[in-house]
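Trainee: here you go, sequence then predicted model.
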Amino acid sequence: MEVAGEVLQSGSSQELHVLAVDDSYVDRKVIEKLLKISSCKVTAVESGARALQFLGLDGGKGSLGFNGLKVNLIMTDYSMPGMTGYELLKKIKRSSTFREIPVVIMSSENILTRIDSCLEEGAEEFLVKPVKLSDVKRLTKDCVTRGETEGKDGGRVDKRKLEDDNHTSSSSSIPSSPSTTTSFGCGLATSELPLSPMHSSKRAKLRDRD
Amino acid sequence: MGLVQLQRQLVDYRTSLYDEGFLDEQFTQLQELQDENNPDFVVEVVSLFFEDSERLLNELSKALEQQIIDFKRMDARVHQLKGSSSSIGAQRVRQLCIVFRNYCEAQNREGCQKCLQQVKHEYSIVKTKLESMFQLEQQILNAGGSIPV
């Protein structure tokens, strides 16, 4: 089946809109570039407060930014003055409107308790900085694929489980990058997202490409 | 100097920056992100790093001149400097920041002062070296050549 491959190549209708949050100018510039190279639209803001403002969570309308684009993915730095990435994550996950937007945390510090708390609060992934192009490409590619295959996979899967009902059970192989992953979903379509483990969807992609 | 010599000089210079530990793999990653659509990307990011660093180093100097030092705030600044130096691959600066943070945590004024001097020193060296490298690149472009990878 060539479907997944074709979608990724055709690009524009599946272009993700990513909201990047980081208090560092340097890091904002870099993440913006990484995302643009990965064919995403990017909005980069310098704080959690600005991010909430953009999303309209501070009393505004919806997840439509000023240019009317829905946000498909949020990538936020962990250590920021004012509101940390963790606090931003919690606010997003506690919002009925936005909790389905996947949130990825980036941090220069590889602290296990930090990673665990973020995943507990619903972060899709925790990336150790400096973030590599390969990380971003993988994230955004899986996001697009999830958007494509969602609806075919059936019901929600508990985040902690590493097996999905519709795929053969897979080994709980951890990706070799320093990030830790659980599940992924990007909400490119408007209906409810099933949460399937990333490695499982990778397996599906490999099968489809044969 | 001919174009070929200029290009060779650039390659040698760049290699030495890696060999001497001024730059690490992350700088290479940045260069790989540059393309025809954004040919000044590396220069732009590095310029942001220079601005950011100078601001942070100033703030750190001021903080250490105070009677009562706010080590927590200093640590936050050093953390920022560590982050941006890491993002552009300024290895020596980044490594010094790690040591600096330890002194902040230990609330060791003297240690912090020594570290700040060292960071300022390393920062000015890497700044000079990167500027020289960019100048060489510009010379090559002006001579109609392309930057060797």
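Mentor: The structure has been received and is ready for your questions. Residues are numbered from 1 along each chain as shown, chains lettered A, B, ... in the order given.

Trainee: mind listing what's buried in the longest helix anywhere in chain A?
Mentor: Ranked by residue count under DSSP state H, the longest helix found in chain A is helix A:133-149. For helix A:133-149, the neighbour count (16 or more other Cβ atoms under 10 Å in any protein chain shown) marks A:133, A:135-136, A:138-149 as buried. Using the backbone N, CA and C atoms, a C-beta is placed for each residue, glycine as well.

Trainee: closest to chain B among those?
Mentor: Nearest to chain B among those: A:Leu133, at 6.8 Å, using Cβ to the nearest Cβ.

Trainee: secondary structure element for A:Leu19?
Mentor: strand A:17-21 (DSSP states H and E).

Trainee: pLDDT score for whichever residue of chain A sits closest to chain B?
Mentor: Closest residue of chain A to chain B, Cβ to the nearest Cβ: A:Val26 (4.2 Å). At A:Val26, the pLDDT value in this model is 96.

Trainee: what's the neighbour count on it?
Mentor: 26 (other Cβ atoms under 10 Å in any protein chain shown).

Trainee: hang on, the earlier thing: do the longest helix of chain A and chain B meet?
Mentor: Yes. Using Cβ under 8 Å from any Cβ of the partner chain, a contact is recorded between helix A:133-149 and chain B, made by A:Leu133.

Trainee: other SSEs contacting that helix?
Mentor: helix A:3-10, helix A:25-37, strand A:73-77, strand A:183-184, helix A:198-209, helix B:25-33 (3 or more Cβ pairs under 8 Å, 6 or more residues apart in numbering or on different chains; DSSP states H and E).

Trainee: got the phi/psi numbers for the closest residue to A:Thr140 other than its chain neighbours?
Mentor: Once flanking residues are discounted, A:Thr140 sits nearest to A:Ser38: 4.6 Å by Cβ to Cβ, 6 or more residues apart in numbering or on different chains. Note on A:Ser38: its backbone torsions stand at phi -90, psi 20 [degrees, to the nearest 10].

Trainee: for A:Ser38, give its distance to B:Ser16.
Mentor: Applying Cβ to Cβ, to the nearest Å, the value for A:Ser38 to B:Ser16 is 33 Å.

Trainee: cool, and A:His17?
Mentor: 42 Å.

Trainee: now do the same for A:Lys29: its pLDDT.
Mentor: For A:Lys29, pLDDT reads 97.

Trainee: quick one on the thing from earlier: list the contacts for the residue nearest to A:Thr140?
Mentor: A:Ser38 is in contact with A:Leu133, A:Val136, A:Lys137, A:Thr140, A:Lys141, counting by Cβ atoms under 8 Å, 6 or more residues apart in numbering or on different chains.

Trainee: identify, from the residues you listed, the entry nearest to A:Gly56.
Mentor: Lowest distance from A:Gly56 to the contacts of A:Ser38 (Cβ to Cβ) belongs to A:Thr140, with 23.3 Å.

Trainee: which bits of chain A sit near chain B?
Mentor: A:23-27, A:29-30, A:33-34, A:37, A:79, A:81, A:108, A:129-130, A:132-133.

Trainee: filter the residues you listed down to the buried ones.
Mentor: Buried residues within those, counting neighbours by 16+ other Cβ under 10 Å: A:23-27, A:29-30, A:33-34, A:37, A:79, A:108, A:129-130, A:132-133.

Trainee: so which of those comes closest to A:Phe54?
Mentor: Nearest to A:Phe54 among these, with distances taken as Cβ to Cβ, is A:Asp23, at 15.1 Å.

Trainee: tell me the secondary structure at the closest one.
Mentor: Assigned with DSSP: H, G, I helix; E, B strand; the rest coil, A:Asp23 falls in the coil class.

Trainee: would you agree it is in contact with A:Tyr78?
Mentor: No. Taking Cβ atoms under 8 Å as the definition, A:Asp23 is not a contact partner of A:Tyr78, at 10.6 Å.

Trainee: how about B:Asp24, what does it touch?
Mentor: B:Tyr18, B:Gly89, B:Gln91.

Trainee: name the element the first one belongs to?
Mentor: In this case it means B:Tyr18. Judged by DSSP H and E, B:Tyr18 forms part of helix B:3-19.

Trainee: what comes up buried for that helix?
Mentor: Neighbour count says helix B:3-19 has B:Leu6, B:Gln7, B:Leu10, B:Arg14, B:Leu17 buried, by 16+ other Cβ under 10 Å.

Trainee: what do you get for stretch B:138-149?
Mentor: B:Gln139, B:Ile140, B:Gly145, B:Ile147.

Trainee: ok, residue 32 - contacts?
Mentor: The chain I'm using is chain A. A:Ala20, A:Val42, A:Ala44.

Trainee: the chain in question should be chain B.
Mentor: A:Leu133.

Trainee: B:Val126 too?
Mentor: B:Phe22, B:Leu23, B:Ala90, B:Arg92, B:Val93.
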